[in-house]
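J.: 3D model of this:
(chains A and B)
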Amino acid sequence: MPYRFHLPDIGEGLEEAEIVEWLVAPGDTVVRDQALVEVLTDKASSELPSPVAGVIVALGGGEGDRLRVGDLLIEIEDGTPAAVPDPVAAPSEPATVPDPVSTPSEPATVPHPVAAPSEPATLEPAVRPPASGGPPPAVRPKASPATRKRARELGIDLATVRGTGPGGRIVESDLQASVVAAVAPTAGRADDPVRAGDTNRAGDTTRDRATGLGRIAAGRHPLRGVRGVIARNMAQSWSQIPHIHSFDELDASLLLDLRTRMTAIGREVTPLAVAVVSSARALRRLPLVNACVEGDEIVVHDRVNVGVAVATDQGLVVPVLRDADLLDLFGATAEIADLAERARAGRLTAADLTGGTFTVTNYGSLGGRWATPIIPPGQAAILGIGRIADRPAVHEGAVVPRPMLPYSFGADHRLVDGDLLETLKASVVDDLTEPLRLLVGA
Amino acid sequence: MTRPSDGQRRQMLVDMVSARTQSQRMWNLQRQGQIGTVAPIDGHEATIVAAAHALDPAHDWVVPQYREPLALRRYGPEVLEQFLLYNIGHPAGGHIPAPIRVLPNQISLATQLPHAVGLAWGMTLQDDPGVVLAFFGDGSSSQGDFYEAGNLAGVLKAPVIFLCVNNQWAISTPVHLQTAAESFAAKAAAFGIPGVKVDGNDVDAVYEAVHGARERARSGLGATLIEAALYRLGAHTTADDPTRYVPAEDLAAARRNDPIAILRSRLEAEGLWDAATQSEVESAALTAVDAAHERARTMPLAPDALLDHCVSEDSPRLARQRLALLAEVEGTR
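T.: Residues are numbered from 1 along each chain as shown, chains lettered A, B, ... in the order given. The predicted structure follows:
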């Protein structure tokens, strides 16, 4: 019978733990006290050592799974007498009852005496002997448990990340760099897309003070991490893309009216979602804007994916709504809210951050009116929207206060001339001015 | 100068290596869900072992806190056996049988110190020639019990040695947030007793200090406070994550002063130790801790065991309760 190792209470009153990383796989031979798995509790990350010597039969969960104390963690065939060999045992090990002492290079009962002095950070004496049993594990990239956890959240394979920490160790900023590398942030910030059209909301600068925005010690600092990626992308965009910009403002009365009436019937539509959907549908009709220049070629993208810039504590990130031209206003609103929430919680995956073909940046949430947003590499245009506020407008022959939405378009002049930019702009402005147009289908 | 002999120093290293090996095995047992919370011994071995070797197990009492038992090998294998019983939660683990002069573990900080003074005072009254050595930590020194015990010991000239194991951390509280005194040894001034500070990684220094304090106590001069300064090389307990607060560079520096490495290199230079000895000692230590675990695991557990070892003899009321409990359990079977 395999030994069944259940998740123990390794803290004091622990209820559950997350499987961070398996250090063994079914079929592996382990010695007693060999580290099996790294788990994360609310207190610490810990390696759990094997209670017995034997062959791994089955794992009780996948990496990222949360197990409750008492749940089956792993089954190990430890050679205690069984009537019938366990058919679940790995086929590569026909003898399900190995001699645990014959395979390891050291006696199964002798752990490494003392952590090597060259590894001062190792405080857990759990043994990790050379994998003399099963196949040697692939070389593990060096990273702390916290970094590994973060990498899993971001959907990053550590083997693809270059570490910049001591001894090539992967540190948190390397993950951010790896994620953001594929996507270019824009100059503007969409702090809270959901509340983009709030006419009464002033720019929230107290939040910036609270988060330490803009603070850094005097002296020289390496340009790396998210900041390094933003710097490289922006320098590339600014030096290679000849930008043209066009600014105007539109009457947002119907846009706000739509939102108010939707709210009244329990539905939600935000001005930002209207901007995203209207831009995406315009790009579908104007594929030259859904494109970019690479060397001597124009690359026209097949799909229309719209990035929405979101400010996070780590810096600006731009999660992407895939096939935004096929979304309706409700779907786009919900998806933007989801992406923004996950961005702030640090739970975006690499897939969320790549493949954008156009960007919308809502600098209005910070109180801005006009801006000259920079186009991310790989794209040809960008839309920035400012804060909606009552401003004087000529309406039916009289100057009256109207809720006005200021906006800024930027485009790559290598692909987009003034006439094309104005055509794109007119289409989007028409939809924002009368969003009912978007209800009749793409 | 009273230095331990070569034979004593070699035996000290045996005890230190055994303690660390067993402590690491117990860490793994805890991580495997087989025993409860454990306080790793890494870094404390020289102080505890040298102190034990400066005492006479036949006459002198040890009053531990909770980290010391693995290093009290000199007091007999029963200490390890009872420690494992204690760690699996068996009530019998709270009692160390005579003639072993070691009190049970104490988790509540500093409450063992008044016990130690009372024990020492009682020995004086009974003309018992032994002394009492009580272990406590830098954190415990902030407890009221420490001051009460120290004061009483000073007044009574009780034959007690207060050994403050200053491992620089009270869980996550560093020494500079623990006291504004220049040292823990300096607190002896308040009790009118001598205070001595020694290098807790040096078995010779600890041995000499404890030996001197013992001589003083036996000659009727009373108590001594010894501070042994060392560095906790592991977690506070299995429920702690020191990587959150111990500066990596401090830990790295402390590891260069690992008490086992220091003594081992000295003894190897003197031809008293080699790799084969190290391996034998580790192997024997593992066998011993595994045997103690197996003994604890298979120890019968009577329903009324929780009433044992509270008092020397059941009072009439306790005897009635014991019978009622057993009848109740019997009735549910």
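
J.: leaving out chain neighbours, which residue sits closest to B:F162?
T.: B:L225 (4.6 Å; CB to CB, 6 or more residues apart in numbering or on different chains). All C-beta atoms are positioned from the backbone trio N, CA, C, and that covers glycine.

J.: any idea what that neighbour is bridged to?
T.: With DSSP bridges applied, B:L225 shows beta-bridge pairing to B:F162, B:G195.

J.: list the contacts of it.
T.: B:150, B:162, B:164, B:184-185, B:187-188, B:191, B:193-196 (CB atoms under 8 Å, 6 or more residues apart in numbering or on different chains).

J.: between these, which has the most around it?
T.: B:F162 (32 neighbours; other CB atoms under 10 Å in any protein chain shown).

J.: need the contact list for that residue.
T.: Contacts of B:F162 by CB under 8 Å, 6+ apart are B:113, B:116, B:134, B:136, B:146, B:149-150, B:153, B:223-226.

J.: could you pull out the helices for the stretch 301-442 of chain A?
T.: A:329-344, A:350-353, A:418-433 (DSSP state H, counting those that start in this stretch).

J.: worst mean pLDDT among these?
T.: Mean pLDDT values for the helices of the stretch 301-442 of chain A show the minimum at helix A:350-353, a mean of 75.

J.: still on that earlier bit, out of the contacts of B:F162, which are inside strands?
T.: Of the positions in these, B:134, B:136, B:224-226 sit in strands, assigned by DSSP state E.

J.: of those, which is the nearest to chain A?
T.: B:F136 (21.7 Å; CB to the nearest CB).

J.: and the residue of chain B that's closest to chain A?
T.: B:G33 (2.4 Å).

J.: am I right that that residue is in a helix?
T.: No - B:G33 is assigned coil when assessed by DSSP: H, G, I helix; E, B strand; the rest coil, not a helix.

J.: what sits against the residue nearest to the spatial centre of chain B?
T.: The C-alpha lying nearest the average C-alpha coordinate of chain B belongs to B:E68 (CA atoms, centre = their mean; 2.5 Å). B:E68 makes contact with B:44, B:48, B:62, B:135, according to CB under 8 Å, 6+ apart.

J.: same list, these, but as JSON lines with distance to chain A and pLDDT please.
T.: Shown next, in JSON lines, are the contacts of B:E68 (distance: CB to the nearest CB, whole Å; pLDDT from 0 to 100):
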{"residue": "B:H44", "distance to chain A": "14", "pLDDT": "98"}
{"residue": "B:I48", "distance to chain A": "17", "pLDDT": "98"}
{"residue": "B:V62", "distance to chain A": "25", "pLDDT": "98"}
{"residue": "B:F135", "distance to chain A": "22", "pLDDT": "98"}
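
J.: widest-spaced pair of the residues you listed?
T.: Spanning the widest gap among the contacts of B:E68 are B:H44 and B:V62, at 14.1 Å by CB to CB.

J.: so the two - more neighbours on which side?
T.: Higher neighbour count among B:H44 and B:V62: B:H44, with 31 against 27, using other CB under 10 Å.

J.: need the longest strand for chain A.
T.: Max-length strand for chain A by DSSP E is strand A:398-412.

J.: direction included, what does that one pair up with?
T.: strand A:243-251 (antiparallel), strand A:381-385 (antiparallel), strand A:389-395 (antiparallel).

J.: redo those strands as JSON lines? Include mean neighbour count and mean pLDDT.
T.: Converted to JSON lines, the strands paired with strand A:398-412 look like this (neighbours: other CB atoms under 10 Å in any protein chain shown; pLDDT from 0 to 100):
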{"stretch": "strand A:243-251", "mean neighbour count": "17", "mean pLDDT": "95"}
{"stretch": "strand A:381-385", "mean neighbour count": "29", "mean pLDDT": "96"}
{"stretch": "strand A:389-395", "mean neighbour count": "14", "mean pLDDT": "93"}
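
J.: CSV for those, including distance to A:A334?
T.: Shown next, in CSV, are the strands paired with strand A:398-412 (distance: least, CB to CB, whole Å):
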stretch, distance to A:A334
strand A:243-251, 25
strand A:381-385, 19
strand A:389-395, 26
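
J.: A:R66: which of those is closest?
T.: That would be strand A:381-385 among these, by CB to CB, at 39.8 Å.

J.: name the residues that touch that closest one?
T.: A:186, A:188, A:196, A:271-272, A:275, A:279, A:289, A:358-364, A:371, A:373-376, A:405-412, A:416, A:421, A:424, A:428.

J.: kindly report the same for stretch B:288-307.
T.: Under CB under 8 Å, 6+ apart, the answer for stretch B:288-307 is A:109, B:18, B:21-22, B:25-26, B:29, B:34-35, B:77, B:80-81, B:83-85, B:87-88, B:90-93, B:314, B:318, B:321-322, B:325-326, B:329.
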